[in-house]
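Enquirer: from the sequence below, what's the structure:
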Amino acid sequence: MSNDESFAHADAELNAAALTYHAEPTPGKTAIEIKKPASTQRDLSLAYTPGVAEPVRRIAEDPAAAYRYTNKGNLVAVITDGSAVLGLGGVGPLASKPVMEGKAVLFKHFADIDVFDIEVYARHPQEFIDTVRRIAPTFGGINLEDIAAPHCFEIEQILQEELDIPVFHDDQHGTAIIIAAGLLNALELQQKKLEDARIVVLGAGAAGIAAIRLLITLGAHRNNIFAVDRQGVIHTGRRDLNPYKFGIAADTEKRTLADAMDGADVFIGVSGPDLIPPAMLASMAPRPIVFALSNPVPEIRPEVAWKVRGDMIMATGRSDYPNQVNNVLGFPFIFRGALDARATRINEEMQIAAVHALKDLTHEPVPQSVLDAYGLDALAHGPEYIIPKPFDPRLRGRVAPAVAAAAVRSGVAQAPAEG
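Expert: As a prediction, this is how the structure comes out:
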């Protein structure tokens with residue numbers, strides 16, 4: 001059976017199982033749980049009228065009291081317009097609902113954060129912004145999800161400026177944080193430095209642009225990063241660039257993907273399947289780092305890549321290969337830290353704190369529970385372990401406190417972080 005046939009067979013089995021999982025025994029993946037007693041007349045008089053009037057009065061006098069008397073402080077909206085859903089494109093808000101419910105599952109399972117998934121029909125960004133602005137008082141944080149570039153940048157920026165709770169587009173910053181953590185470890189193993197590395201980023205949407213911005217903040221040189229879109233290298237001489245792409249443009253004579261890959265130290269793919277031929281991989285510098293993150297089919301498949309470069313470190317977006325770049329390593333714990341600190345935003349300092357917390361965790365001995373979960377006898381910091389595994393029980397205890405502490409240090413926390 002060929003690789004393509006194997007992928008197709010596995011996908012068919014997974015698709016059938018996924019439909020059963022979503023439909024049975026009852027439709028959907030989430031439900032609302034009542035946290036207080038509701039079995040007597042007195043219980044109901046406290047939950048609703050007349051007892052509910054007293055917390056209403058307290059909140060009317062002091063809006064911060066909502067964090068004491070309601071679920072606001074542990075409630076996040078996962079909200080989308082359905083314009084860029086996974087690898088499926090603009091399928092619309094209703095079709096995006098299974099993804100948003102799935103995100104709710106991850107928030108709750110990994111960080112005990114409650115979620116309302118909200119799918120919005122919006123004909124243009126301003127309608128979406130207006131909707132989120134109007135419902136924001138309900139929540140302690142807003143997780144924007146699956147919104148197409150370039151509108152996602154405008155939407156996030158405006159909402160961050162106008163709201164007093166964290167607004168975080170996970171497709172941008174969550175992906176960038178996991179990429180950065182893994183890349184810093186890979187560079188160390190390959191005996192290279194971020195400030196010297198020549199980096200190619202294939203794909204200039206939300207994830208690609210955010211990754212470049214974060215890597216520059218961490219020390220990468222702007223003119224050593226070559227972003228590539230469908231028209232080729234994004235350079236300062238192009239006249240077809242929107243402001244977001246122009247902000248990552250390099251001053252370079254390179255024009256094609258092949259030009260950029262020649263002598264590159266790092267490849268980061270956030271684009272599509274099978275876009276990197278073996279010859280391009282062969283042209284990279286010694287000891288290259290390859291993050292082929294297109295899902296389910298990477299930009300170059302590991303079994304192909306390893307035949308070309310035995311000296312590389314490779315990561316993908318898939319769970320069946322080492323070094324999975326998975327946003328679940330970040331967003332539940334980033335929001336946990338932000339909510340615990342009652343932060344007004346998730347700023348750059350908090351993102352960098354998450355990067356280093358994830359990076360440092362891979363240098364520590366791996367718990368037996370992680371080995372058991374992945375059927376491994378041993379796992380240690382090295383070419384096949386540059387980022388933590390999603391089921392590592394230490395993630396919440398390391399990433400969330402680091403993010404909360406950064407919120408306090410940077411002056412965006414409204415309550416002292418615990419722990």
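
Enquirer: put the alpha carbons of stretch 72-91 into CSV.
Expert: Output for stretch 72-91, consisting of C-alpha atoms alone and laid out as CSV, is shown next (Å, rounded to 0.1, in the frame of the first residue of the first chain):
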residue,chain,number,x,y,z
LYS,A,72,-17.4,35.4,34.5
GLY,A,73,-13.9,34.8,35.8
ASN,A,74,-13.7,31.3,34.5
LEU,A,75,-15.7,31.7,31.3
VAL,A,76,-14.2,32.1,27.9
ALA,A,77,-16.0,32.7,24.6
VAL,A,78,-14.6,30.7,21.7
ILE,A,79,-16.0,32.7,18.8
THR,A,80,-15.7,32.6,15.0
ASP,A,81,-17.2,33.7,11.8
GLY,A,82,-16.3,30.4,10.1
SER,A,83,-14.2,32.1,7.5
ALA,A,84,-11.0,29.9,7.9
VAL,A,85,-11.9,26.6,9.5
LEU,A,86,-9.0,24.3,10.0
GLY,A,87,-7.9,23.2,6.5
LEU,A,88,-11.5,23.5,5.2
GLY,A,89,-11.6,27.2,4.4
GLY,A,90,-14.7,29.4,4.6
VAL,A,91,-17.3,26.8,5.4
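
Enquirer: ramachandran angles for residue 121?
Expert: phi -80, psi 120 (degrees, to the nearest 10).

Enquirer: again, but for residue 117
Expert: Backbone phi and psi, for residue 117 under degrees, to the nearest 10, turn out to be phi -90, psi 130.

Enquirer: and it, how many neighbours?
Expert: Residue 117 is surrounded by 25 other residues when neighbours are defined as other C-beta atoms under 10 Å. Bear in mind the C-beta positions are built from the backbone N, C-alpha and C, glycine included.

Enquirer: got a list of what it touches?
Expert: Residues counted as contacts of residue 117 (C-beta atoms under 8 Å, 6 or more residues apart in numbering) are 30, 77, 78, 79, 97, 100, 101, 103, 104.

Enquirer: name the residues linked to it by a beta bridge.
Expert: Partner residues in beta bridges with residue 117, using DSSP bridges, are residue 78.

Enquirer: show me which of the contacts of residue 117 are buried.
Expert: Neighbour counting with 16 or more other C-beta atoms under 10 Å marks 30, 77, 78, 79, 97, 100, 101, 103, 104 as buried within these.

Enquirer: need the nearest residue in space to the last one, chain neighbours excluded.
Expert: Excluding its sequence neighbours, the residue lying closest to residue 104 (C-beta to C-beta, 6 or more residues apart in numbering) is residue 115, at 3.6 Å.

Enquirer: surely the one you found meets residue 107?
Expert: Yes: using C-beta atoms under 8 Å, residue 115 is in contact with residue 107, at 4.9 Å.

Enquirer: mutual contacts of these two, please.
Expert: Here residue 115 and residue 107 have 76, 78, 143 as joint contacts, going by C-beta under 8 Å, 6+ apart.

Enquirer: any idea how far the second one is from residue 300?
Expert: What it means is residue 78. Counting by C-beta to C-beta, to the nearest Å, the gap from residue 78 to residue 300 is 32 Å.
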